[in-house]
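Colleague: Got a sequence here, can you build the structure:
(chains A and B)
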Amino acid sequence: MSAQELDLRDYFRIVRKRMWMIISIVIVACVIAGVYSLYIKNPVYEASTKIIVNQTPTQSTVGQLDLNQINTNIQLINTYKEIIKTPAILDAVTQDYPQFNITTEELLKKVNVSSVNNTQVMTLVVRDNSYPKAAEIVNAISQVFKERIPSLFNVQNVSILNEAKVDPPIQPGPVEPNVIMNLAIAFIVSLMIGLGIAFLLEYLDDTLKTEADIERYLGLPTIAMITRLGQDEGKTSPADSHVQQARKAGELDHVTAAK
Amino acid sequence: MSQQPNKQRHLITVTNPRSPVSEAFRALRTNIDFSSIDERIQVIMVTSSGPEEGKSTVSANLAAAYAQADKKVLLIDGDLRKPTAHKTFTLSNRYGLSSLLSQQADQTDVIQDSGVPNLSIMTSGPIPPNPAEMMASNRMSMVLQELRQRFDMILIDTPPLLAVTDAQIVASKSDGVIMVVSYGKVKRDIAVKAKANLDRVGAKMLGVVLNNVKRKASEGYYYYYYGN
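Modeller: Alright, predicted model coming up:
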């Protein structure tokens, strides 16, 4: 059982020895993470609109879906995704809606545009500390985008599929902070840290503990191992020890006589 | 043994001879008896590197274990700085080793009956100003020589090795030295230094007693209440 070759049982022993330290580190970390997520961190709400990109059927035959046309639209979505995030659109939003009291840079951080692969639909997502404001902003951006795109592209091919509801019947929950996720992360990270500290302490502990230690460092044999007194022996109650005393006296004589 | 002091330092070998701890002390006795073949080990010193490692408990219990083996045993409290034997055995410390060495009392005054059959105690006596000089004196050697005639086994409890020099001096006058090491309390280099101190005076090291071992750590000792 030398220090170099710790076997699995030693690992268990080390963990079991400092179990309470590890558990308390984990509990403290989880409590901090929980309090932070629930009470300190401002919740973030998310509101989204969907925009469909569809060429107005001026160039193409009416009533017939052209595959090339659809592909072009899909390609266009990538362009639009970038356009939304340019000052061309966002500056217009900040100017047209002064009630948001927001700069273009702040707006840029809140906006996220995505599209599902090979569809003509793109999703505009805005995050904010208040849900109604997020919904208003996302609607405003969609509206401005729809109004501005013909001037940029000369085509009327954008329509808003659904607007974000500013006042939905059921208040949506915050998307951030994700309490369960934060707790899980705190749990795992603190568990790792706790185990790390436990093993580090064990490694740094250079006190003599085993016969092997004594043999190795002192070159002396261990001629006795005396366990800690008073676990059961010392804890006899006074009344109990009287009974034992009487019995013990007889036994002691018996033992010495037998020798 | 009716007056058991409510101290943690109690004589487990007397109060509970069947406990595994008492068994460990008997094993210690056996190991010492067999550790030397040619030389007779009669004067054993018990010491440790630092304080509170259990020197007095080990020496008192080992003395009792020897007494139970029908040997005439004398336990000397050689710790003239922080004596404890008189507390363990609830004896008077008015006369003791220091009074014997300073010739204020003679042997019959300072050797007291412990209450355990075959076991006699010499307490420390009043704390002198110069314990190390007393221990180093020729008188100490003479006293030990005389006591060798009267007792089968003499155990000397001493102060910690690294604190004062007393233990080194006594080691040079004894046949064997037992070093008590408290489990998980003594750092390697401290223990090595203590052992080097003993080696320097040519002490015969009998071995180490690992004290205060947690019961779980000693699970290998499966005689726990064997045959009870």
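Colleague: Now find how far off-centre the longest strand anywhere in chain B is within its chain.
Modeller: Longest among the strand segments of chain B by residue count, using DSSP state E, is strand B:205-213. Relative to its parent chain, strand B:205-213 has a centroid offset of 12 Å by C-alpha atoms, centre = their mean, to the nearest Å.
Colleague: got it, and stretch A:144-154?
Modeller: 40 Å.
Colleague: May I see the buried residues of it?
Modeller: Neighbour counts over stretch A:144-154 (16 or more other C-beta atoms under 10 Å in any protein chain shown) mark A:144-145, A:148-149 as buried. To be clear about C-beta, it is placed using only N, CA and C from the backbone, and glycine gets the same treatment.
Colleague: Which secondary structure elements does the longest strand of chain B sit against?
Modeller: Other elements packing on strand B:205-213 under the criterion 3 or more C-beta pairs under 8 Å, 6 or more residues apart in numbering or on different chains; DSSP states H and E are helix A:211-218, strand A:222-227, helix B:20-35, helix B:55-68, strand B:176-182, helix B:188-200.
Colleague: could you give the angle of it to helix B:55-68?
Modeller: 110 degrees (axes from the mean of the first three to the mean of the last three C-alpha atoms, to 10 degrees).
Colleague: Strand B:205-213 - which strands sit beside it in the sheet, and in what orientation?
Modeller: strand A:222-227 (parallel), strand B:176-182 (parallel) (DSSP bridges).
Colleague: Which stretch among those is buried most, on average?
Modeller: strand B:176-182 (a mean of 26; mean count of other C-beta atoms under 10 Å in any protein chain shown).
Colleague: circling back to that earlier point, quick one: the longest strand of chain B to helix B:188-200, angle?
Modeller: Interaxial angle, strand B:205-213 versus helix B:188-200 (the same axes, to 10 degrees): 150 degrees.
Colleague: State the mean pLDDT of strand B:205-213.
Modeller: Average pLDDT, strand B:205-213: 88.
Colleague: Ok, stretch A:158-170 next?
Modeller: 72.
Colleague: where does chain B have low pLDDT?
Modeller: For chain B, applying pLDDT under 70 flags the ranges B:1-9, B:215-228.
Colleague: Point to the helix or strand of chain A where mean pLDDT is at its lowest.
Modeller: Least confident helix or strand, chain A: helix A:238-258 with a mean of 42, by mean pLDDT, DSSP states H and E.
Colleague: and the residue most central in space within chain B, what does it touch?
Modeller: The structure's chain B has its C-alpha centroid closest to residue B:59; by C-alpha atoms, centre = their mean the separation is 3.0 Å. Residues near residue B:59 by C-beta atoms under 8 Å, 6 or more residues apart in numbering or on different chains: B:46, B:75, B:155-157.
Colleague: Next one: it relative to residue B:178, how far apart?
Modeller: Distance, residue B:59 to residue B:178, using C-beta to C-beta, to the nearest Å: 8 Å.
Colleague: ok so, going back, closest one to residue A:39 among the helices and strands packed on strand B:205-213?
Modeller: In terms of C-beta to C-beta, the element of those nearest to residue A:39 is strand B:176-182, at 47.4 Å.
Colleague: for that closest one, the distance to its chain's centre please.
Modeller: The answer for strand B:176-182 is 9 Å, by C-alpha atoms, centre = their mean.
Colleague: relative to helix A:211-218, how tilted is it?
Modeller: Using the same axes, to 10 degrees: strand B:176-182 against helix A:211-218 is 120 degrees.
Colleague: Touching the helix or strand hosting residue A:152 from outside, list them.
Modeller: Per DSSP states H and E: residue A:152 is located in helix A:131-153. Identification of contacts with helix A:131-153 by C-beta under 8 Å, 6+ apart yields A:45-49, A:51, A:80, A:83-84, A:88-90, A:92-93, A:96-97, A:100, A:102, A:107, A:110-111, A:124-128, A:155-160, A:163-168, A:171-172.
Colleague: so where's chain A uncertain?
Modeller: A:1-6, A:55-65, A:154-157, A:166, A:168-170, A:229-259.
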